[in-house]
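Participant: sequence first, predicted coordinates after that:
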Amino acid sequence: MDVSHLSIREINSLFTKKEIKPSELYSKVFENAANSEAALHAHLTLFEEENIKKAAEADKRFSNSESASLLDGIPIAIKDNINIKNYKTTCSSKMLSNYTSPYDATVIEKLKQQNTLFTGKTNLDEFAMGSSTENSAFGLTKNPWNTDYVPGGSSGGSAASVGARSSIAALGSDTGGSIRQPASFCGLVGFKPTYGTVSRFGLVAFASSLDQIGPITKTVDDSRIIFSSISGEDSRDATSVINNQLDIPSDNTATIGVIKELMEDGISGEAKNEVNKVIEILKSKGYKVKEISIPIIKLSISIYYLIAPAECSANLARFDGVRYGLRVDGNTSYEMMENTRAEGFGAEVKRRILLGTYALSAGYYDEYYGKALQARKEMIDEFAKTFKDVDYLISPTTPTQAFKSGEKTSNPLEMYMSDLCTIPANLAGLPAISIPTGLSKDELPLGVQIMSKPLSDNSLLDFSEIIENEVQFDGQPKGWL
Amino acid sequence: MSNEFNIKNIAKLASINLSEEEQDSLSNDLSIILEHVNALSDLKLNSQQQEIFIHPLEKELELQDDEVVESLTHDEAISNAPESKDGKFVVPPSME
């Protein structure tokens, strides 16, 4: 039995029964990393040596029956835009290639309290801006199912790592789909919780009103375990909320809405087929399924690509060569700043900073950023109205299967369109999950996305687990294990 | 919506020194993206009120109490500075 294929609960049970030790699992995931990293480049840094002692401490806790945490001794990979004290946080940017974090993100503090082990820091699109992990200053990550294809992004390293079993689970961040899209491309579960339920303290900010940390895992239950461990109000994140969960039905008394606008042009036949397959299963189980229309969803990309760059241009103003990160000399402070930002940021980051700067500049604010804010509010209201009629919304997670490396790099807009189905949940702050359901004719994974009303994360996970159990997707990438 | 923009001016506002080549390629990219986002101008909104909100769940943002809490030490805060002296950040002159 290969323990790295098991779920967190199954592994914990083996630890508790003393059938396997945490240090043995830790060795196994690093063996998997040794077999896969050269081809996939999921991790930017691996923490093997420094955690051997911690794995031995976990062995002792289980040996003495002193462990109280499901995550004790579980090796988790961390996206490299989340701070772990005394380790580098590069955001896959030249700007931060030498930055060492002097503090832990709140999610890291919480995982450390559970005695979680960390495998290392994973690759991402620079500052989480991208959908393919091709925008990293430190090289591409490849899809573990087929290395000609991208793993998705921006949390592509986290997804590739779980796919290749060089970690048992991973943390990612999701601003417009950056957890769900790579999870879908790599045949995994990706969960973006309700905005505010997981503290963003220690996550390097991209677009603060949209960013959310969440898990990429093999099973829905693994996502549930991690979500319950990392969520909670945090005074260090002014936007965090008290995680008062709403209970909505997950059994067949629930009503499911199929979003018409995400089953039309621009969505591949294969992606639609996966949704239809799940709908048929749900109908056969007695769920009520109906088509619903939210026309403003068609404007998601336009709204997002004004709001996210506007917030990014403000957030990334901090990288000025003064307090941390790269500095490129200049005769004056201002010249130094301009040269530093020219050298430190890659093309996509510059594109978004410039777009945001323009959208916020005098004379254009009302027609761009202001209009996008109004449209976002309208979308939030439309979702609220929809959730009076249905409990869950279903759609494809991505318009297509994973695309080939280099296929979309010359056309930014085409790359942006790959987030069409995932962006609405970020704009409205909704919990959303991607569940793997099948393979395309190219033998690449496909998934469906389920969304629900804010603060119904636990019910969403329960409902998703029902789908997971019915679909029985058991595909695994070959060649790394 | 108008798509006329001066890339040099935007780069100046964003404090990024762009090469001529970058100015051309980014101008082109921004034109394509702005043309797409112009779809918003056709949107008939129910509300004309332009609400500035930060929180998608519209949580009221509250001020924190003015209390001393644990934070980074001075040394930690300055530990990543490209250049520092006597516990202070060192920068080139602000005026020539």
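Facilitator: Now that the structure is in, tell me what you want to look at.
Participant: what about the residue in chain B positioned nearest to chain A, how many neighbours?
Facilitator: Residue nearest to chain A within chain B: B:Pro56 (3.1 Å; CB to the nearest CB). In this view, the C-beta of every residue, glycine as well, is placed from N, C-alpha and C. Per other CB atoms under 10 Å in any protein chain shown, the neighbour tally for B:Pro56 reads 24.
Participant: just the local confidence number for the residue nearest to the spatial centre of chain B, please.
Facilitator: The centre of chain B sits closest to B:Ala14, judged by CA atoms, centre = their mean, with a distance of 7.6 Å. pLDDT, B:Ala14: 98.
Participant: that one and B:Gln23, how far apart?
Facilitator: According to CB to CB, to the nearest Å, B:Ala14 stands 12 Å off from B:Gln23.
Participant: go on, A:Ala137?
Facilitator: Distance from A:Ala137 to B:Gln23, by CB to CB: 21 Å.
Participant: same question, A:Ile435
Facilitator: 44 Å.
Participant: now swap in A:Lys408 and tell me
Facilitator: 23 Å.
Participant: identify the residues contacting the closest residue to A:Glu311 other than its chain neighbours.
Facilitator: Among residues not flanking A:Glu311 along the chain, A:Ala207 sits closest, at 3.9 Å (CB to CB, 6 or more residues apart in numbering or on different chains). Contact partners of A:Ala207, counting by CB atoms under 8 Å, 6 or more residues apart in numbering or on different chains, are A:Thr175, A:Ile307, A:Ala308, A:Pro309, A:Glu311, A:Cys312, A:Asn315.
Participant: who's in contact with the helix or strand encompassing A:Phe30?
Facilitator: For A:Phe30, the host element (DSSP states H and E) is helix A:22-40. Here helix A:22-40 makes contact (CB under 8 Å, 6+ apart) with A:2-4, A:11, A:15, A:42-43, A:46, A:48, A:51-52, A:55-56, A:58-59, A:62, A:72-75, A:117, A:119, A:141-142, A:144, A:147, A:151, A:160-161, A:164-168, A:480-481.
Participant: count the residues that sit near residue 32.
Facilitator: As the question left the chain open, I've gone with chain A. A:Asn32 sits with 20 neighbouring residues when counted by other CB under 10 Å.
Participant: my question was about chain B, not that one.
Facilitator: For B:Ile32, using other CB under 10 Å, the count is 14.
Participant: and the strands in the stretch 201-350 of chain A, which stretches?
Facilitator: Ranges of strands in the stretch 201-350 of chain A, per DSSP state E, counting those that start in this stretch, are A:213-217, A:255-259, A:288-292.
Participant: deepest of the ones you listed, which one?
Facilitator: Mean neighbour count (mean count of other CB atoms under 10 Å in any protein chain shown) peaks for strand A:213-217 among these, with a mean of 30.
Participant: list the neighbouring strands of it plus their orientation.
Facilitator: strand A:169-173 (antiparallel), strand A:189-192 (antiparallel) (DSSP bridges).
Participant: A:Tyr364 and A:Asp391, how far apart?
Facilitator: Taken as CB to CB, the span from A:Tyr364 to A:Asp391 is 40 Å.
Participant: so which of those two has more stuff around it?
Facilitator: Counting neighbours by other CB under 10 Å for A:Tyr364 and for A:Asp391 shows that A:Asp391 has the greater number, 21 against 17.
Participant: leaving out chain neighbours, which residue sits closest to that one?
Facilitator: A:Ala254 (4.3 Å).
Participant: what segments of chain B are strands?
Facilitator: Taking DSSP state E to define them, one finds strands in chain B at B:84-85, B:88-89.
Participant: okay if I get the ones you listed as a markdown table plus distance to chain A?
Facilitator: Listed next are the strands of chain B as a markdown table, based on distance: least, CB to the nearest CB, whole Å:
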| stretch | distance to chain A |
| --- | --- |
| strand B:84-85 | 9 |
| strand B:88-89 | 5 |
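Participant: dump those strands to CSV, plus mean pLDDT.
Facilitator: Output for those, formatted as CSV (pLDDT from 0 to 100):
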stretch, mean pLDDT
strand B:84-85, 96
strand B:88-89, 96
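Participant: okay, the ones you listed in CSV with distance to A:Lys385 next?
Facilitator: Shown next, in CSV, are the strands of chain B (distance: least, CB to CB, whole Å):
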stretch, distance to A:Lys385
strand B:84-85, 54
strand B:88-89, 51
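Participant: next, format these as CSV and append mean neighbour count.
Facilitator: Shown next, in CSV, are these (neighbours: other CB atoms under 10 Å in any protein chain shown):
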stretch, mean neighbour count
strand B:84-85, 12
strand B:88-89, 13
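Participant: the ones you listed: which one's closest to B:Asn9?
Facilitator: strand B:88-89 (28.8 Å; CB to CB).
Participant: partner strands of that closest one, parallel or antiparallel?
Facilitator: Strand B:88-89 has its sheet partners listed here by DSSP bridges as strand B:84-85 (antiparallel).
Participant: which positions within the longest helix seen in chain B qualify as buried?
Facilitator: Determined from DSSP state H, the single longest helix within chain B is helix B:20-37. Within helix B:20-37, the residues that qualify as buried are B:Glu22, B:Leu26, B:Ser27, B:Asp29, B:Leu30, B:Ile33, B:Leu34, B:Val37, counting by 16 or more other CB atoms under 10 Å in any protein chain shown.
Participant: now tabulate the strands paired with strand A:213-217 in TSV and tack on distance to A:Ile82, mean neighbour count and mean pLDDT.
Facilitator: Shown next, in TSV, are these (distance: least, CB to CB, whole Å; neighbours: other CB atoms under 10 Å in any protein chain shown; pLDDT from 0 to 100):
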stretch	distance to A:Ile82	mean neighbour count	mean pLDDT
strand A:169-173	6	29	98
strand A:189-192	15	32	98
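Participant: in JSON lines: those strands, plus distance to A:Arg323.
Facilitator: Shown next, in JSON lines, are the strands paired with strand A:213-217 (distance: least, CB to CB, whole Å):
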{"stretch": "strand A:169-173", "distance to A:Arg323": "22"}
{"stretch": "strand A:189-192", "distance to A:Arg323": "31"}
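Participant: looking at the ones you listed, which is nearest to B:His74?
Facilitator: Using CB to CB, the nearest of those to B:His74 is strand A:169-173, at 29.6 Å.
Participant: give me the mean pLDDT for whichever helix or strand comes after that closest one.
Facilitator: Once the chain leaves strand A:169-173, the next helix or strand it forms, by DSSP H and E, is helix A:180-185. Helix A:180-185 comes out with an average pLDDT of 98.
Participant: same deal with stretch A:8-16?
Facilitator: Averaging pLDDT along stretch A:8-16 gives 98.
Participant: which positions in that stretch come out as buried?
Facilitator: A:Ile8, A:Ile11, A:Asn12, A:Leu14, A:Phe15.
Participant: now distance to A:Gln401 and secondary structure too, for these, in JSON lines please.
Facilitator: Shown next, in JSON lines, are the buried residues of stretch A:8-16 (distance: CB to CB, whole Å; DSSP: H, G, I helix; E, B strand; the rest coil):
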{"residue": "A:Ile8", "distance to A:Gln401": "27", "secondary structure": "helix"}
{"residue": "A:Ile11", "distance to A:Gln401": "30", "secondary structure": "helix"}
{"residue": "A:Asn12", "distance to A:Gln401": "33", "secondary structure": "helix"}
{"residue": "A:Leu14", "distance to A:Gln401": "34", "secondary structure": "helix"}
{"residue": "A:Phe15", "distance to A:Gln401": "36", "secondary structure": "helix"}
